[in-house]
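Asker: Attaching a predicted model along with its sequence, questions to come.
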Amino acid sequence: MKLHEYQSKRIFAQYEVPIPQGDVAATPARARQIASRLGSRVVVKSQVLVGGRGKAGGIRLADDPDEAEEVAGTILGMKIKGLTVKKVLIDEAADIAKEIYLGIVIDRAKRRPVMMASAEGGVEIEEVARATPERIVKAAVDPFLGLQPYQGRELAFGIGLPKELVRDFVKIAQGLSEAFVGCDASLAEINPLVVTGHGNLLAVDGKMLIDDNALFRHFELAEMRDADEESPEEQEARRHGLSYVKLDGEIGCMVNGAGLAMATMDVTKLYGGEPANFLDIGGGAQADRVTVALRIILSDPNVKAVLFNIFGGITRCDEVAKGILAALEEVPTSVPMVARLAGTNEEEGRRILADAEMVTAATLAEAAEKAVLAAQGELQR
Amino acid sequence: MSILVNKDTRLVVQGITGREGEFHARQMVEYGTNVVAGVTPGKGGGWVAGIPVFDTVSEAVNATEANTSITYVPARFAPDAILEAADAGIEIVVCITEGIPVLDMIRVRAHLDCVETRLLGPNCPGIITPGEAKVGIMPGHIHTPGPVGLVSRSGTLTYEVVHALTEKGLGQSTAIGIGGDPIIGTDFIDVLALFEEDPQTKQVVLIGEIGGTDEQRAAEFIARRMSKPVTAFIAGQTAPPGKRMGHAGAIIEGGEGTALEKMAALEAVGVRVAKHPAEVAELVAQLD
């Protein structure tokens, strides 16, 4: 789950990371109030869950409350990468002398959270990692001890921070690390962490991703979820315990198991089609789940054919076939369907579907080929 | 021979009185696995499918000499269940549970690195040595004993490949699901090393997917340490970056973990990489 900038920074502040004075507004009038309370030059920042806000014109300076109101009026309601701006953050504008990067993620190979610092702040860390990986300094965090002060110092000296800022930097690094662990984050990032003209450190921008699997113990974070993070179809799928990712192709895919679902997409592409989605209906392929999944797939107007690929293990293919037919009765459609059942009782399963005049296939390759033809309107039953 | 589980496996089922736990306990008994005990706190003294139930793993081990456990307990209780099994001296813990928080698994794994217990999973289908022991949720009957060792991050995709192998008359020494999570107890390299030493295993199938760099590290290991031929398939060539594809670990992050880079790393060390799952069995058959 993604958190907005203002949510992330408020969490950082709870862990004693210094952030600019500011507040969020959903209306231009409220933006003016906040700006006049701050009594200084402000920055008006769109709160949407995508990168590239600045380039899209979603981050602008305002010299006084009048201008803050006007700028907020332009930014609120604006679309950035398809997302409508519903809130703006009004922050005291920082006097920026230098920008650095500080972030923490899970390093899968090290099996530890790893904190990264770089003197190149304000740009994406992936970009730095590609162009000048030697400019990123890292410290692996012990899961029981947390980030130690010496590690903070190594990061600070490693990025060439002036020695009078090291003590504050270490406090910020430890705070960020504690916020990461305390919130079950998968990413916590301050970018940029600025050195101000007065020689202070300030977390000007912040970002957090939270491990969805840990939300059961973070009710306050779960409530922060912005529905715009997912499409309505993805939300519907999540409510039903299905795993769905929308893609741009024309072949809808319904598969049991995540690995097999990815493989099905790959084979579809191999035979000249483009998958319209990733969808894992889980084990069993019961009628009710197939029904929901089919509705979700067909809600995408690009879908020209649907490919079922089910491996019947402990659940037999004949039961799966009956489930598919029951679902098709619930969701009438003219979109052609191709079903490939393999595993336990596969012939019986295929016969049941063939009797219902459904196109079947014995192999995944054959199914993909037929689905691609069906999508082009060239498949004869 | 085989690896990790066999006729001497004495299995305790953690969470045996739950719906999943009981169903799969019965399936494993039916397959011929020596299921000696079940554990559900508070249900000690009872029986499920002819298997005695204990309150703690420690009691179960004392009473039955169980050496392997499988756990179906829900995600929020699973780390505790894994640690309980390890502390009771269980040698191999198989965790089927999906959805354990990553930071919990980091702590569990850090602890397990200091003890003898080996964890398989979480978020895995388990392990099977055909004809000897099934410790998992896979359909047992599609497997048959033979020379192919199989290791995979996936569930149904593995069954698919096993099914194709069996239909071609190519049996399996042991088939292992290591799990689809970012932090797991046993990785490709651990299993490859075991297969390399196992006399029954003549060749190995590796099924990977997008996310992380486990396959790349496996490729390095294969180049340095493996004499047995390896055939691979990597799922997710069409997966978009930044999107989690079902498995918590199946995500391309910061441009890292794509199927193409994994396929290239494996091909570079002489692993034959199949373009689609059905091709795996064909490539294996060429070497049989």
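Answerer: Looks like it arrived, so ask away. Numbers count the residues shown, from 1 in each chain, chains lettered A, B, ... in the order given.

Asker: Could you use CA atoms for every contact and neighbour count after this?
Answerer: Fine.

Asker: element containing A:Arg153?
Answerer: helix A:149-158 (DSSP states H and E).

Asker: just checking, what packs against that helix?
Answerer: Applying 3 or more C-alpha pairs under 8 Å, 6 or more residues apart in numbering or on different chains; DSSP states H and E, we find helix A:149-158 packed against strand A:112-118, strand A:136-140, helix A:166-182.

Asker: Next, count neighbours for the residue nearest to B:Phe54 when sequence neighbours are not counted.
Answerer: Among residues not flanking B:Phe54 along the chain, B:Gly44 sits closest, at 3.9 Å (C-alpha to C-alpha, 6 or more residues apart in numbering or on different chains). Each residue near B:Gly44 was counted by other C-alpha atoms under 10 Å in any protein chain shown, and the total is 16.

Asker: Surely B:Gly44 is within a strand?
Answerer: No: read with DSSP: H, G, I helix; E, B strand; the rest coil, B:Gly44 is coil and lies in no strand.

Asker: so how far is chain A from it?
Answerer: B:Gly44 is 28 Å from chain A, where distance means C-alpha to the nearest C-alpha, to the nearest Å.

Asker: What residues of the helix holding A:Arg153 count as buried?
Answerer: Buried residues in helix A:149-158, counting neighbours by 16 or more other C-alpha atoms under 10 Å in any protein chain shown, are found at A:Gln151, A:Gly152, A:Arg153, A:Glu154, A:Leu155, A:Ala156, A:Gly158.

Asker: One more: stretch A:261-281?
Answerer: Under 16+ other C-alpha under 10 Å, the buried positions of stretch A:261-281 are A:261-271, A:273-281.

Asker: Pairing partners for the residue nearest the centre of chain B in the sheet, please.
Answerer: In chain B, the centroid-proximal residue (C-alpha atoms, centre = their mean) is B:Gly177; its distance is 2.6 Å. Beta bridges link B:Gly177 to B:Ser152 when assigned by DSSP bridges.

Asker: which bits of chain B sit near chain A?
Answerer: Residues of chain B lying close to chain A (C-alpha under 8 Å from any C-alpha of the partner chain) are B:99-103, B:106-107, B:110, B:138-139, B:142, B:153-157, B:159-160, B:163, B:182-183, B:209, B:212-214, B:235-240, B:243, B:245-247, B:254-255, B:276-278.

Asker: Among those residues, which ones are in strands?
Answerer: Of the positions in the residues of chain B next to chain A, B:Glu209, B:Ala235 sit in strands, assigned by DSSP state E.

Asker: just the buried members of the residues of chain B next to chain A?
Answerer: Of the residues of chain B next to chain A, these count as buried by 16+ other C-alpha under 10 Å: B:99-103, B:106-107, B:110, B:138-139, B:142, B:153-157, B:159-160, B:163, B:182-183, B:209, B:212-214, B:235-239, B:245-247, B:276-278.

Asker: Show me where the stretch 201-350 of chain A has its strands.
Answerer: Using DSSP state E, counting those that start in this stretch, the strands of the stretch 201-350 of chain A run over A:201-203, A:206-210, A:243-246, A:251-255, A:277-280, A:305-312, A:337-343.
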